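K.L.:
Return atomic coordinates for the entry below.
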Amino acid sequence: MKTKIALGLRVLAVALAIGSAPAFAADEPVKIGFVVKQPEEPWFQDEWKYAEQAAKEKGFTLVKIAAPDGGQVLTAIDNLKSQHAQGFVICTPDVKLGPSIVAKARIDKLKLMTVDDRLVDGSGKPIESVPHMGISATKIGEQVGQAISEEMKKRGWKPEETGALRISYDQLPTAKDRTDGAIAALTAAGFPKANVINAPQAKTDTENAFNAANIAITQNPKFKHWVAFGLNDEAVLGAVRAAEGRNLRADNMIGVGIGGSKSALNEFAKAQPTGFFGSVLISPKRHGYETSVNMYEWIKNDKAPPPLTLTTGKLVTRANVTEVRKEMGL
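P.N.:
This next block holds a predicted model:
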């Protein structure tokens, strides 16, 4: 009996020693993955750019991986393991992959942090054990709705003569939260909810937004003016291009995007104003740079990131874009 007890104590001691052993050797080079779902979008390109800045400053290796579908996500995680990475930041193409991503990261012994889109479990609830940096989606949507409402009033538009294009992508919770926030702010300001036209897009890019908006505008010829909002700048730009195809230009369209991306900057730089009135600027620098630094500190110094960080934004237009970007360190 004593022998069994002694053996059990030795096993326990070994287990405790293993559990308390440092997971990272001080002289081991740090390698971090940054996985994004749509590398062609300016927002994710900016995140990568600022993640590279963090890598240069802190002296770690950054591995940039595009994973537009679930299979590629799991392959990407194995790829990082084979490259001897110690952790990764990810914006997944499908938040419902959460349990699979968490399990895969655990098996491959990689630290995991999410950015932009938060992983959910089988019941659709956020996986709170994974540190996350995201956007306060509802509040940013409300900012969009308020900006549209204020600009409508400045122009003297009658709400009953105005249609609102909701470029939707409801399978992504943050997208739904943003558009729901915009609708809440618009209706609170007196905009008729019946005039909100849902235009679902198949993917979150300009081309699919254009297709969705074109159908919606065609089916609702009664409106004299249009406003547009969606998940990001690309969604609203698609709506603006569709409106232009119907000869609805800057004087008959108010589009407000989210992101303040390169796409938005290019629109503001055009010689003549377009229907893309503004964008709620969110900082890709925080989302790329800060998450990468957080992951580095977690790996190198065992300092875990905050469980949840939510960022907000600020409205930029042609008139103030340079000033606001400077204020936000961009």
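K.L.:
In the chain, which residue is most central in space?
P.N.:
Geometric centre of the chain, nearest residue: Asp116, 3.4 Å, by C-alpha atoms, centre = their mean.
K.L.:
residues in contact with the spatially closest residue to that residue that is not a sequence neighbour?
P.N.:
Excluding the flanking residues, the one nearest Asp116 by C-beta to C-beta, 6 or more residues apart in numbering is Cys91, at 4.4 Å. Every C-beta, even on glycine, is put in place using the N, C-alpha and C of the backbone. Going by C-beta atoms under 8 Å, 6 or more residues apart in numbering, Cys91 touches Val35, Val36, Lys37, Phe44, Glu47, Thr114, Val115, Asp116, Asp117.
K.L.:
rewinding a little: please list all residues in contact with the residue nearest to the centre of the chain.
P.N.:
So Asp116 contacts Cys91, Met133, Gly134, Ile135, Thr174, His287 (C-beta under 8 Å, 6+ apart).
K.L.:
wait, isn't Lys176 in contact with Ala182?
P.N.:
No: if you go by C-beta atoms under 8 Å, Lys176 and Ala182 don't touch, sitting 10.9 Å apart.
K.L.:
Who has more neighbours out of these two?
P.N.:
Ranked by neighbour count (other C-beta atoms under 10 Å), Lys176 and Ala182 place Ala182 first, with 31 against 17.
K.L.:
Packing partners of the helix or strand where Phe44 lies?
P.N.:
Counting by DSSP states H and E, the element that carries Phe44 is helix 42-58. On a contact count with 3 or more C-beta pairs under 8 Å, 6 or more residues apart in numbering; DSSP states H and E, helix 42-58 meets strand 31-36, strand 61-66, helix 262-268, helix 284-285, helix 291-301.
K.L.:
just those: most buried one?
P.N.:
Burial of these is given as mean neighbour count (mean count of other C-beta atoms under 10 Å); strand 31-36 ranks first at a mean of 25.
K.L.:
If you compare the directions of that strand and helix 42-58, what angle comes out?
P.N.:
170 degrees (axes from the mean of the first three to the mean of the last three C-alpha atoms, to 10 degrees).
K.L.:
strands paired with strand 31-36, and their directions?
P.N.:
Its sheet considered, strand 31-36 pairs with strand 61-66 (parallel), strand 87-90 (parallel) by DSSP bridges.
K.L.:
For Phe277, which residues are in contact?
P.N.:
Going by C-beta under 8 Å, 6+ apart, Phe277 touches Ala147, Ile148, Glu151, Ala250, Met253, Ile254, Gly255, Val256, Thr317.
K.L.:
so who does Ser227 touch?
P.N.:
I think there's a mix-up here, since residue 227 is Val and not Ser. Residues in contact with Val227 (C-beta under 8 Å, 6+ apart) are Ile148, Met152, Thr162, Gly163, Ala164, Leu165, Leu186, Met253, Ile254, Gly255, Val256.
K.L.:
just checking, which of the residues you listed belong to helices?
P.N.:
Ile148, Met152, Leu186 (DSSP state H).
K.L.:
Dump those to a markdown table, plus distance to Val73, neighbour count and pLDDT.
P.N.:
What follows is those, written out as a markdown table (distance: C-beta to C-beta, whole Å; neighbours: other C-beta atoms under 10 Å; pLDDT from 0 to 100):
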| residue | distance to Val73 | neighbour count | pLDDT |
| --- | --- | --- | --- |
| Ile148 | 35 | 25 | 98 |
| Met152 | 41 | 21 | 98 |
| Leu186 | 35 | 28 | 98 |
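K.L.:
just the residues you listed now: which is nearest Ser283?
P.N.:
Using C-beta to C-beta, Ile148 comes nearest to Ser283 of the ones in helices among the contacts of Val227, at 22.0 Å.
K.L.:
Next, give phi and psi for the closest residue to the closest one other than its chain neighbours.
P.N.:
Nearest non-adjacent residue to Ile148, counting by C-beta to C-beta, 6+ apart: Val227, 4.8 Å away. Backbone torsions for Val227, taken as degrees, to the nearest 10, come to phi -120, psi 160.
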